[in-house]
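Colleague: sequence-free structure coming up:
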């Protein structure tokens with residue numbers, strides 16, 4: 001029965017994965033990602049964290065994620081303008097929401113797979129590990145911070161999973 005399987009939850013830092021895909025040069029299929037990383041395990045839940053949709057394509061993408069079983073958490077983009085230069089900067093950080101969900105659901109899973117390279121998660125990972133949780137970080141070689149790599153049980157370089165999680169497009173479908 002399913003209770004004998006390792007219980008896993010997946011947490012995806014959408015902004016971090018956007019940059020990771022640019023570094024990789026290919027797109028991640030998030031449905032395949034859940035299937036690949038939960039194969040032979042009991043998937044408890046999958047979360048995706050991102051800014052509020054800015055256009056119809058993002059709305060459709062978040063709808064697709066929800067349809068495939070993700071819980072999608074969004075937050076508005078904040079704009080700050082430097083009064084001395086009139087330059088604007090944009091920020092949408094969902095690190096706290098991700099950590100809250102990791103702790104709030106921690107009794108349900110034995111393994112958390114986090115898709116981020118952000119060192120801000122280092123301390124949260126250490127605390128979850130002290131509670132007996134295994135933590136696996138998935139990122140790219142040049143985007144995984146030392147703090148996070150040092151804190152997790154295992155690091156998976158996404159480039160090694162391309163054949164399993166790449167999103168097929170018309171361009172690469174014929175390859």
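Modeller: Cool, got the structure. All of these numbers come straight from a predicted model, not from anything done at the bench.
Colleague: quick check: mean pLDDT of the strand ranked longest in the chain?
Modeller: When the chain is parsed with DSSP state E, its longest strand is strand 42-51. When pLDDT is averaged along strand 42-51, the result is 96.
Colleague: which parts of the helix or strand just after it are buried?
Modeller: As assigned by DSSP states H and E, the chain's next helix or strand after strand 42-51 is helix 56-67. Using 16 or more other C-beta atoms under 10 Å as the test for burial, helix 56-67 gives 61, 62, 65. For every residue, glycine as well, the C-beta is placed using N, CA and C.
Colleague: parallel or antiparallel, list what pairs with the longest strand of the chain.
Modeller: strand 7-13 (parallel), strand 71-75 (parallel) (DSSP bridges).
Colleague: tilt between the shortest one and helix 56-67?
Modeller: What separates the directions of strand 71-75 and helix 56-67 is an angle of 140 degrees, with axes from the mean of the first three to the mean of the last three C-alpha atoms, to 10 degrees.
Colleague: for residue 103, report the pLDDT, please.
Modeller: 97.
Colleague: ranges for the helices of the protein?
Modeller: According to DSSP state H, the chain carries its helices in the segments 14-24, 30-38, 56-67, 95-104, 122-130, 146-151, 162-165, 170-173.
Colleague: related to what we said a few turns ago, closest one to residue 121 among the strands paired with strand 42-51?
Modeller: Among the strands paired with strand 42-51, strand 7-13 comes nearest to residue 121, with 8.3 Å by C-beta to C-beta.
Colleague: so how far is that closest one from its chain's centroid?
Modeller: Centroid displacement of strand 7-13 relative to its chain, using C-alpha atoms, centre = their mean, to the nearest Å, is 7 Å.
Colleague: deepest-packed of the strands paired with strand 42-51, please.
Modeller: Highest mean neighbour count of those: strand 7-13, a mean of 23 (counted as mean count of other C-beta atoms under 10 Å).
Colleague: what comes into contact with that one?
Modeller: Strand 7-13 has contacts (C-beta atoms under 8 Å, 6 or more residues apart in numbering) with 30, 33-34, 37-38, 41-49, 70, 94-95, 98, 101-102, 105, 108-116, 118.
Colleague: what's the answer for stretch 142-156, then?
Modeller: Counting by C-beta under 8 Å, 6+ apart, residues outside stretch 142-156 touching it are 16, 19-20, 23, 114, 116-119, 121-123, 125-126, 129, 134-139.
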